[in-house]
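S.K.: sequence first, then the predicted structure:
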Amino acid sequence: MSAHHMISISRFQGELNRLFDEALNLAAGQPRAGEWQPPIDVVETPDKVLILVEVPGIRAEDLEVAVQGETVTLKGRKYPPPPPDGPSRFHRVERLHGSFERRIDLQRPVNSRAGSARTAGGLLIVEFPKVQEKRERRRIIVVDGSEAGEESP
C-alpha cells in the first residue's frame, strides 16, 4: 500500500471518528462542535443543589437564570473582544463568543424563591435549597455581579 493511500485512510478514519463523536453528542443533548457553550457542573449536597458555570469575561447583566419546576434554564452572551487599535491581522482565533442557552434537569424539586445566583472568580454559582414541595411557577433570578475586585468594562 502506498503512503498516499495510508494518508487517505488515516484522514477517512479521523473524519469517521469526528462524525461518530458528533452523533453521540447530539444524542446526549450536548452542543454541536463549533457552538460556544460554557462547561457546567451540578453538585448536590444534603440540603442544596449547586450549578457551577464557567463564564469568564461575561458580565452579570449578560446572564439570565430561570427555573420552572425541576428545570433550570441558563442564558447568556459573551461579546467579542474589541478590535486592536490600528491595522491588525488575526493569526489564530480560538476564543468563541455569542449567545448560549442551556437547560438542566435537576431531577428533584428545589425552592426557587430561596434560590440565588452570583458570579465569583469567573464562575456563575446558582444555588437552590432542596424541598419536597410541588412544582413552582417559572421565576427569573437576578445574577449578582458585585464580587470583590470585579471591574466594569
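M.R.: Nice, thanks for sending it over.

S.K.: how is this protein divided into domains?
M.R.: Described in terms of automatic domain parsing, the domain architecture of the chain consists of the residue ranges 1-35, 36-144.

S.K.: quick check: end-to-end length of the last one?
M.R.: Pointing back at domain 36-144 there. Domain 36-144 has an end-to-end distance of 23 Å (C-alpha to C-alpha, to the nearest Å).

S.K.: hang on, the earlier thing: let's have the domains of the chain in TSV, adding mean pLDDT and mean neighbour count.
M.R.: Every C-beta, even on glycine, is put in place using the N, C-alpha and C of the backbone. Below are the domains of the chain laid out as TSV (pLDDT from 0 to 100; neighbours: other C-beta atoms under 10 Å):
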stretch	mean pLDDT	mean neighbour count
domain 1-35	59	10
domain 36-144	88	14
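
S.K.: residue contacts, R108?
M.R.: Listed by C-beta atoms under 8 Å, 6 or more residues apart in numbering, the contact set of R108 reads E44, V49, E70, K130.

S.K.: give the helix, strand or coil label for E101.
M.R.: strand (DSSP: H, G, I helix; E, B strand; the rest coil).

S.K.: wait, it touches A66, no?
M.R.: No. Under the criterion of C-beta atoms under 8 Å, E101 is not in contact with A66, lying 10.2 Å apart.

S.K.: between these two, what contacts are shared?
M.R.: Common neighbours of E101 and A66 are listed as T73, K75 (criterion: C-beta under 8 Å, 6+ apart).

S.K.: show me how far stretch 63-77 is from its chain's centre.
M.R.: Centre-to-centre, stretch 63-77 and its host chain are 11 Å apart (C-alpha atoms, centre = their mean, to the nearest Å).
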